[in-house]
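[1] Here is my input; please provide its structure:
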Amino acid sequence: MSRIGKLPIKIPEKVKVTLDGTAAIKVEGPKGKMRVPFNPHVKVAVKDGQVTVTRSDEERLARSLHGLTRTLINNAIKGVTVGYEEILEISGVGFKAEVKGKILNMALGFSHPVDFPIPEGITVEVEKGTRVTLKGVDKHLVGMTAAQIRVIRKTEPYKGKGIKYAGEKVRRKVGKQGAV
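    Just a heads-up that it's a prediction; the model follows:
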């Protein structure tokens with residue numbers, strides 16, 4: 001039995017959880033709403049203010065989806081109550097970012113500005129031009145968007161210029177040594 005999968009999920013007061021047929025669950029809360037599909041090998045029940053996930057049989061696929069489905073539902077409930085956020089830091093001379101409507105405009109040392117379209121469901125805030133905060137209900141979407149922005153100009157190890165996650169340690173390398 002999956003240790004994570006067998007734990008029931010407590011539904012907070014302001015959250016409404018309903019089954020959407022036999023293959024999805026709808027979660028609505030103060031921050032927004034989400035729909036989480038799940039595999040028919042897993043059964044989801046909503047009763048007494050709790051969501052329980054069980055598997056239909058002991059096949060390998062059902063066992064592997066048991067804990068995953070429970071975690072995805074738990075992430076959706078947490079997302080609609082608290083939300084998720086990812087913070088990126090931009091470092092480098094002249095490197096900056098600003099939000100223009102639904103586009104994140106960045107100057108990253110290229111010969112042209114980089115325009116990144118902000119996906120639906122994500123809000124972006126820029127502080128001091130170098131600290132980009134992504135917020136949203138969907139954990140996967142927030143993390144994927146942060147990763148896509150970071151890939152545009154990853155932090156290089158010599159001068160530390162580029163985009164990195166807040167709190168990320170960049171291993172710095174020593175440059176060329178002059179004549180001794």
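[2] and residue 94, that one's in a helix?
    No - going by DSSP: H, G, I helix; E, B strand; the rest coil, the assignment for residue 94 is coil, not a helix.
[3] I'd like the next helix or strand past the lengthiest helix in the chain.
    Criterion DSSP state H: the longest helix present in the chain is helix 60-81. Sequence-wise, the next helix or strand downstream of helix 60-81 (DSSP states H and E) is strand 84-91.
[4] what packs against the helix or strand that that following strand is followed by?
    With elements assigned by DSSP H and E, the helix or strand that comes after strand 84-91 is strand 96-100. With contacts defined as 3 or more CB pairs under 8 Å, 6 or more residues apart in numbering; DSSP states H and E, strand 96-100 has these neighbours: strand 103-107, strand 122-127. Bear in mind the C-beta positions are built from the backbone N, C-alpha and C, glycine included.
[5] Packed most tightly, which of those would that be?
    When the helices and strands packed on strand 96-100 are scored by mean count of other CB atoms under 10 Å, the highest mean neighbour count falls to strand 103-107 (a mean of 18).
[6] re earlier: which residues sit against the longest helix of the chain?
    The contact list for helix 60-81 (CB atoms under 8 Å, 6 or more residues apart in numbering) reads 2-5, 7, 9, 11-12, 14-15, 17, 25, 27-34, 36, 38-39, 41-42, 44, 51, 53-56, 84, 136-139.
[7] Same question for stretch 170-180.
    Contacts of stretch 170-180 (CB under 8 Å, 6+ apart): 155, 157-158, 160, 164.
[8] Turn the residues you listed into CSV, columns for neighbour count.
    Output for those, formatted as CSV (neighbours: other CB atoms under 10 Å):
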residue, neighbour count
155, 20
157, 13
158, 10
160, 12
164, 18
